[in-house]
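# pasting the sequence and the predicted model now:
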Amino acid sequence: MNATPVQTDISAPIFNIHPERMGLIMSQDLYINLFRKALLIRRVEERIIELYPRDKIQSPVHLSIGQEAVAVGVCHALKAADWIFGTYRSHALYLAKGGDLNLMFAELFGKVTGVSGGKAGSMHLSSPTVGMMGSSAIVASSIPHAVGAAFAAKHKKTNQLNVAFFGDGALEEGVAHESLNFASLHQLPIIFVCEDNGFAAHSPVQARQSFDRMALLSAYNIPTICVNEGWDFEKIYDAMYDLIKAVRQGDGPKYLEIKTMRACEHVGPGEDFDAGYRSREDFERWIVDDPLVCDIKTLSKVEGEVMDAIDSAVTFAEESSWPGPTQLLTDVV
Ligand SMILES: Cc1ncc(C[n+]2csc(CCOP(=O)(O)OP(=O)(O)O)c2C)c(N)n1
């Protein structure tokens with residue numbers, strides 16, 4: 001049976017807030033909206049962990065528990081018409097930009113009602129109607145895609161801002177360097193967002209990069225901001241707010257780096273603290289200030305509606321049909 005897709009309130013974009021900042025004080029409404037979105041993402045991924053052993057989910061999953069605030073803080077500062085490009089680790093981006101939760105679970109389940117008809121799965125989530133333009137398993141590919149979109153936006157004078165999300169490992173790819181150079185040379189409307197969780201799979205940054213990232217960006221004349229508290233969606237939103245203002249005024253590309261940590265293994269629903277490349281203690285020390293863990297008052301206020309939205313999205317996915325032979329050759333080139 002195919003239920004009718006519903007845009008759940010909880011994952012709906014709340015783009016009309018955008019208050020002018022008063023110093024660094026954030027309105028309580030804005031805080032709750034950011035908190036609710038971050039909690040939705042965390043609880044969605046916890047449900048994915050629960051469901052995964054039952055073979056309901058048809059593709060590998062790269063979870064970003066611990067990193068949710070990056071997507072939430074960045075996307076909440078954007079307009080619906082702005083475009084984002086992500087990696088294989090993009091459940092958070094999809095939801096933070098306003099992607100429909102029902103259609104996401106249906107996509108993960110491989111059902112015909114999925115946001116891409118069940119053909120894309122976890123690693124290739126997209127929802128162009130809300131500006132989530134795509135995600136890809138090719139490391140660094142979000143960078144040239146976003147630069148191309150920014151080049152088009154500049155020439156069409158659309159005032160559309162473009163954001164490339166990528167992990168710290170992406171800056172080792174040649175295409176990242178070509179893209180940074182091109183974006184700076186043409187003063188494109190783009191923000192590069194590096195989610196620095198310190199590892200590319202199991203490999204620490206010290207074993208991979210001979211350069212200082214901020215110095216690298218500076219060599220390309222791209223101004224940088226670094227947020228060390230990757231769980232702090234308020235700080236990230238605030239940093240984005242300033243960057244967006246400058247980019248919209250034609251000030252050229254900017255780079256935002258956010259220090260964060262992932263809770264789960266690189267790919268899959270499990271933990272890997274016993275794999276020997278990082279420690280559970282480091283993660284626990286880091287997550288202790290995460291509002292989703294320590295702000296019990298707000299948690300109790302919003303958790304019920306978050307869980308209801310997830311329950312109904314899973315039911316929607318369960319009750320949806322599989323693609324049939326008539327869909328076999330559609331939407332594939
Ligand atoms: C071009 C390319 N090279 C190598 C890989 C294999 N690979 C998959 S994930 C990954 C690590 C990427 O780490 P990072 O960019 O820091 O992102 P994170 O997984 O930490 O979010 C690598 C090397 C790939 N998918 N694409």
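Good, I have the coordinates. On a predicted model such as this, the values are computed, not experimentally measured, just so you know.
# which parts of the protein sit against the ligand?
87, 89, 137-139, 166-170, 197, 199-201, 266 (Cβ under 6 Å from any ligand atom). Yep, even glycine has a C-beta here, placed from its N, CA and C like the rest.
# those in strands, which ones?
Thr87, Phe166, Gly167, Phe199, Ala200 (DSSP state E).
# for the ligand, give me its nearest residue in the stretch 1-150 of the chain.
Val139 (3.6 Å; Cβ to the nearest ligand atom).
# quick one, what contacts that residue?
Thr87, Phe166, Gly167, Gly169, Ala170, Glu173, Ala200 (Cβ atoms under 8 Å, 6 or more residues apart in numbering).
# what sits closest to Gly252 if chain neighbours are left out?
Gln187 (3.8 Å; Cβ to Cβ, 6 or more residues apart in numbering).
# do me a favour and average the pLDDT over stretch 293-312.
The average of the pLDDT scores along stretch 293-312 is 97.
# ok now that stretch, how far from the chain's centre?
20 Å (Cα atoms, centre = their mean, to the nearest Å).
# report all helices and strands that the helix or strand harbouring His177 contacts.
Assigned by DSSP states H and E, His177 belongs to helix 174-185. Using 3 or more Cβ pairs under 8 Å, 6 or more residues apart in numbering; DSSP states H and E as the contact test, the elements touching helix 174-185 are helix 142-156, strand 190-196.
# kindly recompute the last result at 6 Å.
Contacts defined by 3 or more Cβ pairs under 6 Å, 6 or more residues apart in numbering; DSSP states H and E place helix 174-185 against helix 142-156.
# what does the helix it packs on contact?
Applying Cβ atoms under 6 Å, 6 or more residues apart in numbering, the external contacts of helix 142-156 come out as 83, 85-87, 160, 162, 164-166, 175-176, 179, 182-183, 188-190.
# output it as PDB, nothing but the C-alphas.
Extracted in PDB, the C-alpha atoms of helix 142-156 (Å, rounded to 0.1, in the frame of the first residue of the first chain):
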ATOM      1  CA  SER A 142      30.800  18.100  -3.700                       C
ATOM      2  CA  ILE A 143      33.400  20.800  -4.100                       C
ATOM      3  CA  PRO A 144      33.600  21.100  -7.900                       C
ATOM      4  CA  HIS A 145      29.800  20.600  -8.100                       C
ATOM      5  CA  ALA A 146      29.200  23.500  -5.800                       C
ATOM      6  CA  VAL A 147      31.800  25.600  -7.600                       C
ATOM      7  CA  GLY A 148      30.000  25.000 -10.900                       C
ATOM      8  CA  ALA A 149      26.700  25.900  -9.400                       C
ATOM      9  CA  ALA A 150      28.200  29.100  -7.900                       C
ATOM     10  CA  PHE A 151      29.700  30.000 -11.300                       C
ATOM     11  CA  ALA A 152      26.300  29.600 -12.900                       C
ATOM     12  CA  ALA A 153      24.600  31.600 -10.100                       C
ATOM     13  CA  LYS A 154      27.100  34.500 -10.500                       C
ATOM     14  CA  HIS A 155      26.600  34.600 -14.300                       C
ATOM     15  CA  LYS A 156      22.800  34.400 -14.000                       C
END
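# quick check: the residue of the stretch 51-200 of the chain nearest the ligand.
Gly167 (2.2 Å).
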